[in-house]
Each structure stands twice: as C-alpha cells, then as structure tokens.
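Asker: A structural model of the following input is requested.
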Amino acid sequence: MLEIIDLHVSVEGKEILRGVSLEVKKGEVHALMGPNGSGKSTLSFVLMGHPKYKITQGRITFDGKDVTHASADERARMGLFLGFQYPTEISGVSLFNFLKTAYNSSREEKVSSMEFREIMKDKMELLGVHEDFVKRYLNEGFSGGEKKRGEILQMAVLGPKVMILDETDSGLDVDSLKVVSNGINKVASKENGILLITHYQRILKYIRPNFVHVMIDGRIAKSGGHKLAEELEEKGYDFVRKEIEDG
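Answerer: Next comes the predicted model:
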C-alpha cells in the first residue's frame, strides 16, 4: 500500500535521505531502527507531506496513487496516519471533538455527535479508555503514556490504511510501554500496515515486526527479520557500519 522508491530529501540544501526504498503491504509491521540523526524522523515527516522537506529525487506511492507532491491533508484523507514522538497540546479542544472533526473530514457522509459517540464507545472499550479521558483537552496535562494512548485511540477511530509511528516508545516507562504496545497490537490488522520507527529493541518485545530495517546516514543499510533487532540490541549499530565499510 505504501511504496517508497529511491527517495532523496534535502532540508535547507542539506541532503538527509540518500536513496531510501521501502514497501509496506497490508498486514505487515515494519520496524525502522537507527541511531540519532540517521534520517528516521525525517522519513516520517516526508511521508506525511511536511512542506519543510524537499524531495529532490524518487517518489512515494500510496494505495496505488503517486502522492510525492500531495499535501498532508490529502494523504490523511486517503488513509495515511502519523503518530508523533511529541504530540502537540491543543487547549480548548476536547479529544472527543477533535476526533469527531477528523472523522467527518475524512468521509463524505458526516455523522452526528450521538452517532459518533457510539463509534467512539466501541473503540474505547477495545482499548480500555474511560469516558473522562476523551473529555479532556487534547494532550493538555497528559502524561507521556496518555499522549500515546490518545494517538492509538485516533488510529482506532479513524481506521487508517498505513500507520507511521515515530518513536512511540519515547519517554515511556515499562508499564506505559506495555499498555501502548497492547493498544497498537489491537489496532493492527490484515487490512492495514504499520511502519514503527524506534531507537531501541524494547518495544519490539511486545510488537513483533515482520521486517526490521536499519537506517544509517540516510539510507537503509540492512534489512531482516525480528532476529536483526535482537542482534542490534547485543552489538549496537557499529556492526552495521562495519558491514558497510567492508562492502
């Protein structure tokens, strides 16, 4: 559903991505790992259409359509979702109203507040979210774990085709990590795909990827299965760098 073909990206004249190619199909979970500054978060923003980043070569197709130059809202309506490392606080807008607006914006047939409440009810029960949670202003005063749970609720309600999760495990303690991982597993299905971006192997103990990719210096330097993540945990990223140097 999501295909990245020889993608080169620059920011203010500096090349960050240097020929990234990757394909995420229905039912697949891909983990993208790599050290700080390797280009992982840049890739997530480019996939979502952030105007700050300039694509100098390559293309992105989503659900069979070329979206290389599509706007962020166009991609979102098509079913592409980005979960942020640091979700933004929006005072005065409840999570419920935010989600109802987003839900109606992505569909031709609008639903009333009462109809949407029934939709929300099912998803809240699935994820173990209480009514008080969705009445709160979006991310205002939320803990790190609550912010990530809010994003998972967004995924469950909006039903995107591909979910890009940018360091969802960032800042989470062990208990919150388990809760968030469990939520992601419940939202994952044979009808959607996930690109999970992370520094560490710890979240992959709870979310088992079909594929693991290692990004070094703006390129995907190595790909493999779950065992690759375990190898990274043991050896760090230097062994991948050494493989690159040895050709």
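
Asker: Is it correct that Ile164 is in contact with Ser41?
Answerer: No: under the criterion of Cβ atoms under 8 Å, Ile164 makes no contact with Ser41, lying 10.2 Å away. For glycine as for every other residue, the C-beta is placed from the backbone atoms N, C-alpha and C.

Asker: And these two? Which one has more around it.
Answerer: Ile164 (24 against 18; other Cβ atoms under 10 Å).

Asker: Contacts only, for that one.
Answerer: Ser44, Leu47, Met48, Leu80, Phe81, Leu82, Gly83, Leu195, Ile197 (Cβ atoms under 8 Å, 6 or more residues apart in numbering).

Asker: Cross these against strands and list the overlap.
Answerer: Leu80, Phe81, Leu82, Gly83, Leu195, Ile197 (DSSP state E).

Asker: Look at Asp132 and say how many residues are nearby.
Answerer: With other Cβ under 10 Å as criterion, Asp132 counts 7.

Asker: picking up where we left off before, what do Ile164 and Ser41 both touch?
Answerer: Between them, Ile164 and Ser41 share the contacting residues Ile197, judged by Cβ under 8 Å, 6+ apart.

Asker: close enough to count as contact, Ser189 and Gly27?
Answerer: Yes: counting by Cβ under 8 Å, Ser189 does reach Gly27; the two are 7.3 Å apart.

Asker: Compare these two and say which is more crowded by neighbours.
Answerer: Gly27 (14 against 11).

Asker: So the spatially closest residue to the more buried one that is not a sequence neighbour, which state does it fall into?
Answerer: Spatial nearest neighbour of Gly27, excluding adjacent residues (Cβ to Cβ, 6 or more residues apart in numbering): Lys190 at 4.2 Å. Following DSSP: H, G, I helix; E, B strand; the rest coil, we place Lys190 in the coil state.

Asker: One more: Pro51?
Answerer: coil.

Asker: Most widely separated two among the contacts of Ile164?
Answerer: Leu80 and Ile197 (14.4 Å; Cβ to Cβ).

Asker: ok, back up a step: just the buried ones from the ones in strands among the contacts of Ile164, in ChimeraX syntax?
Answerer: In ChimeraX, this line selects whichever of the ones in strands among the contacts of Ile164 come out buried by 16 or more other Cβ atoms under 10 Å:
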select :80,81,82,83,195,197
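
Asker: now, which of the ones in strands among the contacts of Ile164 sits nearest Phe211?
Answerer: Distances from Phe211 to the ones in strands among the contacts of Ile164, taken by Cβ to Cβ, are shortest for Leu195, at 9.8 Å.

Asker: Contacts only, for the closest one.
Answerer: Leu2, Leu22, Val24, His30, Leu32, Ser44, Leu47, Val162, Met163, Ile164, Leu165.
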